[in-house]
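**Q** return a 3D structure for these sequence lines:
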Amino acid sequence: MPAYFMMISDAETRAAKRVDFIAESPDQAFQVARNVTDGSYCELWDHDKLLARMTKSGAELWQLLPTTPPNPEQSP
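**A** Below is the predicted model:
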């Protein structure tokens, strides 16, 4: 099974901690992060590849954020 890690910044202290885990797929990250506090910021990584950025908005509610910066050439 592949290894992943999450960087989790606490909503109050903004102190980042790394959580390593092994899972069949990256969607298992939600199980790993189920107990983080509301407002926490998380990044999900597969080695050096950023898979997802998200914030916890409430109980079992996550807001997914873009993983790449906006491209100014694609503006309307």
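
**Q** do a quick rundown of the helices in this structure.
**A** Per DSSP state H, the chain carries helices over the ranges 29-32.

**Q** show residues contacting stretch 58-67.
**A** 30, 34, 38, 50-57 (CB atoms under 8 Å, 6 or more residues apart in numbering). Glycine gets a C-beta too; all of them are placed from N, C-alpha and C.

**Q** ok, stretch 25-40 next?
**A** 4, 6, 8-12, 19, 21, 23, 42, 44, 46, 51-52, 55-60, 62.

**Q** buried set for it?
**A** 26, 29, 32-33, 36, 40 (16 or more other CB atoms under 10 Å).

**Q** reformat the contacts of stretch 58-67 as TSV; add distance to Thr68.
**A** Below are the contacts of stretch 58-67 laid out as TSV (distance: CB to CB, whole Å):
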residue	distance to Thr68
Phe30	21
Arg34	27
Asp38	26
Leu50	8
Leu51	12
Ala52	12
Arg53	10
Met54	15
Thr55	17
Lys56	21
Ser57	22
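
**Q** can you list the weak-confidence ranges in the chain?
**A** In the predicted model of the chain, residues 14, 69-76 satisfy pLDDT under 70.

**Q** please redo it, this time with the cut-off set to 80
**A** Along the chain, the model assigns pLDDT under 80 to residues 11-15, 59-60, 68-76.

**Q** please save the CA atoms from the top strand by length along the chain in CSV.
**A** If you go by DSSP state E, the chain has its longest strand at strand 49-58. Extracted as CSV, the C-alpha positions of strand 49-58 are listed here (Å, rounded to 0.1, in the frame of the first residue of the first chain):
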residue,chain,number,x,y,z
LYS,A,49,3.1,15.7,-5.1
LEU,A,50,0.4,17.9,-3.6
LEU,A,51,-2.9,16.0,-3.9
ALA,A,52,-5.3,18.3,-2.1
ARG,A,53,-5.7,21.4,0.1
MET,A,54,-8.7,21.7,2.3
THR,A,55,-10.1,23.4,5.4
LYS,A,56,-12.5,21.8,7.9
SER,A,57,-15.7,24.0,7.9
GLY,A,58,-17.7,21.9,10.4
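
**Q** can you pull out the strands in the chain?
**A** Along the chain, counting by DSSP E, strands occupy 3-9, 16-22, 41-46, 49-58, 61-65.
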